[in-house]
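Quick one: sequence plus predicted model below, questions after.
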Amino acid sequence: MAEREVTIFWGDHGKFFTRDSKTINIPRGNDIWIQSGNNEIELASAESFGSHNAFQFLVACLQATKPSKRRLARLIIPIQKGTVTRSDIIPLRLKDAFSVEQAVSFLAPLQRLSGDAPNLESISIPELFHSSAGGILLQEPSSGADTDSGAPVIPLEFEADFENKMSLPWVLPGPTTRKRLVLVGVSYRAPTHGSWTVYACEAARVLGIDLVVIDKPGCWIERSEYSQLLTLAFKWYEAFLPAGPWWKNPPGHDMADRIVETVNSYGKDVDGIVTFIDSFQATVSRAAEKLGLSHQPAESYEIATDKYQVGIAEGRNPFYGSTAKEALDFVVAENLSYPLIIKPRLGLNSEGIVRVNNAAEIQAGVEMIQKTFFKSFTMEKYCDGPEVDVNMILLDGEILFCEICDDFPKPGDQSDITVPASQRSFLETYLVHPSALPPQELEMLQSSIGATLRRIGISSGVLHVEARVERSSVEYRSDGGHLDLRPIENVTAPAPPTPWILEINPRPPGSTASRIVESVYGIDYFGVALSLAVQDKDRARALSLPFQNGAQYTGVLVFIGADFDETCEGIFDSDDICKELLGRRPDLAKNINRYGCLVKRGQKVPHPSSGANTFIAYFNVFSKSRKEALEVAAEVRKEVRYSFR
């Protein structure tokens, strides 16, 4: 293509002289005038650029030229006819791409693309933006790279990274219509406290799915800031249907019928029904069956969400009961060896999980469980192998995607019985993506866990499985440096490594854990889960493809749990601890791409001794080097400052 000169006049009001000596008076600083190669001058507007985002991207590019003589921007012009998979696919995949300062989408949900390549010889700037799906502003060239002798060159590393990250069918050939999906239950946490509902609602918006929400009256999502339009383009949901007195957790026997009645009362066709609350899965499955909607078997969910039944399905011999005496009698009858693990049959946030190292600790462990939401518990052998999270996308029995991360040791894993039980919680400390397990153990986990899910009857969905590797060839050691998985020396295992499944969560991992997967692999689990729920299999398959080269870096999700003296009231007495750390330690900030303080000053936080596990903040640390990522993560934990009163 031949080069064409286009002059853009923008800035403070005043007079500008064009190439042909015409004078333009610009009365307002927001006005943009464009003079094309034929010397015609036109006033630019968002309408002429096709979208507000496209016009604002041009403004951003112009603003970026102020500290620099030249800046590079790239427009993405789709040449395939079809429907965009999701309107934010460009920033989703290119957020951390090489040399990218800003990635913007110009698309609307379900937008049809003509696939017609514009004539770049004669097209105007507004028409060029109008034909584009999005824009990328590259970072300012390093010193000496941008000279007056010629135009700056797009880095080869960017070209390779662009190809790597956009190597998915983000334009699907067939048309896609808007769908309506019923979401049963929202997070008990409001968005300011780390709610997964935020990501589900945002995914629905960019996918062109209308959400109808069912929950108890008065829950946070009914508040005006969530029930009204947030912007001209984003409403959290189409409708909120308040549940009646039948709304309970765990659900009652009639809840499925009441859900069906509530959906039918809405009077509009729905394309699917879904929940991301474990205890509701079987009930919602039964409601889906009654409504004639796609679903996985309720009996499969009953197994998956019950830790006792998971143990049985895996061929183990766990115990279940509700009293310490029952547990002690089982230990004697089965001649069990300590340590053992006691945990609620159905629980959340690792609450109530206790490692018991002797008979005397069983009573305290049961008392801890009695403080949690669910009273019935299961008990079995404690597996001391390295723990992992196995996140998997299944479609009709096929594994579309599987990624495994290392779930670092928790306070509850220690065997020191002098440490009070209240200080031995199983709240996560670090999740590290991707796992450093040996390749053969990673392959074993994917194959075995996929087989388990299919065996219990789950063939489609986004699933979050927590497991350990029994007889692993690696263990956690510091060896004088940072803690990480290292080969076990001079030990010959009597049998090969096998998976020890701790629990199966038939839904995406929690909000913070899902976000780091998006950063590392370019996959939004909630977007895939919603697509599966409305039976949009082509879109789910496309959006399950990770970056072509796999993980783009090591990502460490650093969890900061509530930890304070039991004599305190438990009132959080700090401001935003994430912003405070990043302001005080900018050297750490360059390796952190997401973060969130999940509590506010004056908020009462339960102590771990109450049986509750509470995160007060999280940080996503990233680096091309696993060693550096772990070192930065450890420094972040050490440098966080907060107080309770």
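Sure thing, it's come through.

any idea which helix is longest in the chain?
Secondary structure of the chain read by DSSP state H shows that its longest helix is helix 439-455.

for the record, mean pLDDT for that one?
What helix 439-455 shows for mean pLDDT is 98.

What's the end-to-end length of stretch 492-505?
33 Å (Cα to Cα, to the nearest Å).

starting at the chain centroid, how far to that stretch?
Remark: stretch 492-505 is offset 26 Å from the chain centroid, using Cα atoms, centre = their mean, to the nearest Å.

was I right about Leu110 contacting Thr83?
Yes - if you go by Cβ atoms under 8 Å, Leu110 and Thr83 touch, sitting 5.9 Å apart. C-beta coordinates here come from the backbone N, C-alpha and C atoms, glycine included.

Find residues that contact each of the two.
Common neighbours of Leu110 and Thr83 are listed as Thr176 (criterion: Cβ atoms under 8 Å, 6 or more residues apart in numbering).

got the CA coordinates for stretch 319-337 in PDB?
Taking Å, rounded to 0.1, in the frame of the first residue of the first chain, the C-alpha atoms of stretch 319-337 are listed here in PDB:
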ATOM      1  CA  PHE A 319     -16.300 -41.900  57.500                       C
ATOM      2  CA  TYR A 320     -19.200 -39.500  57.900                       C
ATOM      3  CA  GLY A 321     -21.100 -38.500  61.000                       C
ATOM      4  CA  SER A 322     -21.900 -35.500  63.200                       C
ATOM      5  CA  THR A 323     -20.300 -36.200  66.600                       C
ATOM      6  CA  ALA A 324     -16.800 -36.700  67.900                       C
ATOM      7  CA  LYS A 325     -17.700 -40.000  69.500                       C
ATOM      8  CA  GLU A 326     -18.800 -41.400  66.200                       C
ATOM      9  CA  ALA A 327     -15.500 -40.300  64.600                       C
ATOM     10  CA  LEU A 328     -13.400 -41.800  67.500                       C
ATOM     11  CA  ASP A 329     -15.300 -45.100  67.300                       C
ATOM     12  CA  PHE A 330     -14.500 -45.200  63.500                       C
ATOM     13  CA  VAL A 331     -10.800 -44.600  64.100                       C
ATOM     14  CA  VAL A 332     -10.700 -47.500  66.500                       C
ATOM     15  CA  ALA A 333     -12.800 -49.900  64.400                       C
ATOM     16  CA  GLU A 334     -10.800 -49.200  61.200                       C
ATOM     17  CA  ASN A 335      -7.400 -49.000  63.100                       C
ATOM     18  CA  LEU A 336      -6.600 -45.700  61.400                       C
ATOM     19  CA  SER A 337      -3.300 -44.000  61.700                       C
END
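
contacting residues around that stretch?
Stretch 319-337 is contacted by residues 308, 317, 340, 342, 345, 359, 362-363, 365-367, 375-381 when judged by Cβ under 8 Å, 6+ apart.

Show me just the buried residues among those.
Taking 16 or more other Cβ atoms under 10 Å as the criterion, what is buried in the contacts of stretch 319-337 is Tyr308, Leu340, Ile342, Arg345, Ile362, Gly365, Val366, Phe377, Thr378, Met379, Glu380, Lys381.

least trustworthy helix or strand in the protein by mean pLDDT?
Lowest by mean pLDDT, DSSP states H and E among the helices and strands of the chain is strand 14-17, with a mean of 49.

Name the nearest of the buried ones among the contacts of stretch 319-337 relative to Pro245.
Using Cβ to Cβ, Arg345 comes nearest to Pro245 of the buried ones among the contacts of stretch 319-337, at 25.5 Å.

Let me see the confidence value for that closest one.
For Arg345, pLDDT reads 91.

The one 4 residues further on too?
In the prediction, the pLDDT value recorded for Asn349 is 73.

Helix, strand, or coil at it?
Under the three-state scheme (DSSP: H, G, I helix; E, B strand; the rest coil), Asn349 adopts coil.

Setting aside sequence-adjacent positions, which residue approaches it most closely?
Excluding the flanking residues, the one nearest Asn349 by Cβ to Cβ, 6 or more residues apart in numbering is Asn613, at 4.7 Å.

Okay, and the one you found sits in which element?
If you go by DSSP states H and E, Asn613 is not part of any helix or strand.

What residues does it make contact with?
Asn613 makes contacts with Asn349, Ser350, Glu351, Ser425, Phe426, Leu427, Gly561, Ala562, as judged by Cβ under 8 Å, 6+ apart.

what's the spacing between Ile79 and Ser519?
Counting by Cβ to Cβ, to the nearest Å, the separation of Ile79 from Ser519 is 28 Å.

Have a look at those two and say which one is more surrounded.
Ser519 (20 against 11; other Cβ atoms under 10 Å).

I'd say that one and Leu94 touch.
No - using Cβ under 8 Å, Ser519 makes no contact with Leu94, being 11.8 Å away.

As CSV, could you dump the C-alpha coordinates of stretch 406-413?
Taking Å, rounded to 0.1, in the frame of the first residue of the first chain, the C-alpha atoms of stretch 406-413 are listed here in CSV:
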residue,chain,number,x,y,z
ASP,A,406,0.1,-25.3,42.6
ASP,A,407,-1.8,-24.7,45.8
PHE,A,408,1.0,-23.9,48.2
PRO,A,409,1.0,-25.4,51.8
LYS,A,410,-1.4,-23.8,54.3
PRO,A,411,-1.1,-23.3,58.0
GLY,A,412,-3.4,-26.3,58.5
ASP,A,413,-0.8,-28.6,56.8
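
Identify the residues contacting that stretch?
Counting by Cβ under 8 Å, 6+ apart, 350, 353-355, 384, 386-389, 419, 423-432, 435-437, 466, 476, 483, 485 sit against stretch 406-413.

Give me the nearest residue to Asp407, chain neighbours excluded.
Closest to Asp407 by Cβ to Cβ, 6+ apart is Glu387, at 4.2 Å.

Beta-bridge partners for that neighbour, please?
Under DSSP bridges, the beta-bridge partners of Glu387 are Asp407, Arg468.

Show me this protein divided up by domain.
What automatic domain parsing lists as the domains of the chain is 44-172, 179-295, 384-552, 562-645.

can I get those in JSON lines with distance to Ile32?
Shown next, in JSON lines, are the domains of the chain (distance: least, Cβ to Cβ, whole Å):
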{"stretch": "domain 44-172", "distance to Ile32": "4"}
{"stretch": "domain 179-295", "distance to Ile32": "21"}
{"stretch": "domain 384-552", "distance to Ile32": "33"}
{"stretch": "domain 562-645", "distance to Ile32": "32"}
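
Please flag which of the contacts of stretch 319-337 sit within strands.
Secondary structure defined by DSSP state E assigns Leu340, Ile342, Phe377, Thr378, Met379, Glu380, Lys381 of these to strands.

Redo the residues you listed as CSV? Include pLDDT.
Compiled in CSV, the ones in strands among the contacts of stretch 319-337 are given as follows (pLDDT from 0 to 100):
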residue, pLDDT
Leu340, 96
Ile342, 93
Phe377, 92
Thr378, 95
Met379, 95
Glu380, 95
Lys381, 94
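
wait, what's in contact with His295?
His295 is in contact with Ile273, Val284, Ser285, Ala288, Glu289, counting by Cβ under 8 Å, 6+ apart.

For ChimeraX, what selects the buried ones among those?
ChimeraX command restricting these to the buried ones, with burial defined by 16+ other Cβ under 10 Å:
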select :273,284,285,288
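
Helices along the stretch 1-150 of the chain, start to end?
Counting by DSSP state H, counting those that start in this stretch, residue ranges of the helices within the stretch 1-150 of the chain are 46-49, 52-64, 89-94, 125-130.

deepest of these, which one?
For those, the largest average neighbour count (mean count of other Cβ atoms under 10 Å) is found in helix 89-94, namely a mean of 22.

mind listing what the residue positioned nearest the centre of the chain touches?
Note on the chain: the residue nearest the mean C-alpha position is Ser514, at 2.0 Å, using Cα atoms, centre = their mean. Shown in contact with Ser514 (Cβ under 8 Å, 6+ apart): Trp196, Tyr199, Pro508, Asp524, Tyr525, Phe526.
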